[in-house]
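Trainee: here are the coordinates; sequence isn't available:
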C-alpha cells in the first residue's frame, strides 16, 4: 500500500501534481497525502476534515483534489402534512432534513410546520418544469438574426431530434429566440425528469448548436450566453422559470394565528406587504420574501443539490391576505433547480437524507420524485416564512434568538 507521506513528498519535489495522485494510489490514500502536504505547508491541523464517513471514491464524480469533507450539522423539521387531499407529487407526512450552521433556524421552521399541521396541512404544486441552456450566436446583422429566428421556428422538431440523441431521458420542450443586435440567444428548455439536468441540457444543446451552424450562417460564440440563467440572480428566471416553478400555500384560521403565533392576520399581512413587497421593491430585490433562501439552502445541502443554485431558488414571492376565515399565505418559487438522481444526490449522507423524505432515485412516473422534492422545499419555505412573519408580528424575533443562545 502506498504511503501518504511518500506521495506528499513526491508532490513537494515536483515529481507529481496534486490531481495525479489517484493514478498512483487509492482515493483515500491520495486524499490523505493532500492533507499531509497542506498540513506541512500551512501549519493547519486537518484532523476533522479527514474524518469523513464514506470511501473517497464515492466522491470522485463530485470533487477534484479531495482532502476530506466539510461537515455541516443536519437537523430535522416536522413532520409536516403536505397535500392532505392529494393531487400533488408529495402526499402525506414528511420529515424535512435541513443542514445549517444558523442557530434557531430549524426551531423556527419546526414551529411553522406545527402551525401548518394545525391548519390541516399545506398544499403545494409544481406549476412549470424545464431546465434551460441558452447559447449565444453571432450573425452579420439584424436581417440575418431574423432569418435565424425564422429557421429555428421552422426546425424546432429537427433541433429536438438532434438534441435528444445525447440522452435517453431528456426531452426538448421549446426553443425561445432573443435578438440583441448581431447576437442571437436561443433559450432551450428541457424536461429532465428526476435529474436536475444542467449537464444533460448542456450536452444536448451542444449537439443542437452543431445543427444550427451546419444549416445557417450563424456562428456559435458560447454554449452558455447567460440567458439560461444559471447561478445568478435573473429576471428571466423570475418570469419564465427554470427547473421547477412551485407554489405552496395554506389558510390559517384566525384563532390559530392569535393563539399559536401570538399575533393577528392583519399584522402578519401588513408586515408582509411593507417588508417583503415594499421593502424589497425599494431595495431593488429580485426576491419578495422574508428568508426563503434559508429553507432552500438547508434542504439543498442536506439532499445533495447544487448549492450555488440557491441564488435562483431564493427568487420567490411570499403573499399574505386577510380572509373571512383567517389568513391566507403562499410562497411561490420561480426557479427551483432540484433532482433526486445524479450529482450530489449519490453521496452517502445526501442519499440518506433523500431516504428520510422517501424520494431517493427515479420516480414513478419519471420526474415525480423531483417534483415531490420541490414541493417539500416549498412547504419548508412556507413554514419558515410563517414563523418569521409571526415572530416579527409578536416582536419575539430578537428574544427567540437570545433564548436559544444565538
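Mentor: Yes, it's here. Since the structure is predicted, the reported quantities are computational estimates derived from the model, not experimental observations.

Trainee: going forward, measure contacts and count neighbours with C-alpha atoms only.
Mentor: Will do.

Trainee: which residues touch residue 339?
Mentor: Each residue near residue 339 by Cα atoms under 8 Å, 6 or more residues apart in numbering is listed here: 194, 195, 196, 197, 305, 345, 369, 370, 373.

Trainee: Neighbours of the first one, how many?
Mentor: Spelled out, that is residue 194. A count of nearby residues for residue 194, using other Cα atoms under 10 Å, gives 28.

Trainee: What separation is there between it and residue 366?
Mentor: Going from residue 194 to residue 366 by Cα to Cα, to the nearest Å gives 6 Å.

Trainee: The last one too?
Mentor: When distances are taken as Cα to Cα, residue 373 and residue 366 turn out to be 13 Å apart.

Trainee: Just want to know which of those two has more residues nearby.
Mentor: Counted by other Cα under 10 Å, residue 373 and residue 366 do not tie: residue 373 has more neighbours, with 26 against 15.

Trainee: residues touching that one, list them.
Mentor: Contacts were defined as Cα under 8 Å, 6+ apart; by that measure residue 373 touches 90, 338, 339, 340, 359.

Trainee: What ranges does this structure have for its strands?
Mentor: 74-82, 92-99, 123-133, 136-138, 171-180, 183-191, 219-222, 243-253, 316-323, 326-336 (DSSP state E).

Trainee: Find me the pLDDT at residue 404, would you?
Mentor: For residue 404, the pLDDT comes out at 51.

Trainee: for residue 399, same thing?
Mentor: 49.

Trainee: Pull out the buried positions in stretch 138-152.
Mentor: For stretch 138-152, burial by neighbour count (16 or more other Cα atoms under 10 Å) applies to 138, 139, 144, 145, 146, 148, 149, 152.

Trainee: Dump those into CSV; add pLDDT as well.
Mentor: As requested, the buried residues of stretch 138-152 are exported to CSV (pLDDT from 0 to 100):
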residue, pLDDT
138, 98
139, 98
144, 97
145, 98
146, 98
148, 98
149, 98
152, 98
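
Trainee: Take those and lay them out in JSON lines including distance to residue 204.
Mentor: Shown next, in JSON lines, are these (distance: Cα to Cα, whole Å):
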{"residue": "138", "distance to residue 204": "20"}
{"residue": "139", "distance to residue 204": "22"}
{"residue": "144", "distance to residue 204": "25"}
{"residue": "145", "distance to residue 204": "23"}
{"residue": "146", "distance to residue 204": "24"}
{"residue": "148", "distance to residue 204": "19"}
{"residue": "149", "distance to residue 204": "19"}
{"residue": "152", "distance to residue 204": "16"}
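
Trainee: Go through the residues you listed and say which is closest to residue 300.
Mentor: Residue 300 lies nearest to residue 152 out of those, by Cα to Cα, at 35.7 Å.

Trainee: Let me see the contact set for that closest one.
Mentor: Counting by Cα under 8 Å, 6+ apart, residue 152 makes contact with 175, 177.

Trainee: ok, residue 77 to residue 61 distance?
Mentor: From residue 77 to residue 61 the distance is 30 Å (Cα to Cα).

Trainee: meant to ask about residue 127, not that
Mentor: 31 Å.

Trainee: cool, and residue 126?
Mentor: From residue 126 to residue 61 the distance is 29 Å (Cα to Cα).

Trainee: Residue 201 now?
Mentor: Residue 201 sits 18 Å away from residue 61, going by Cα to Cα.
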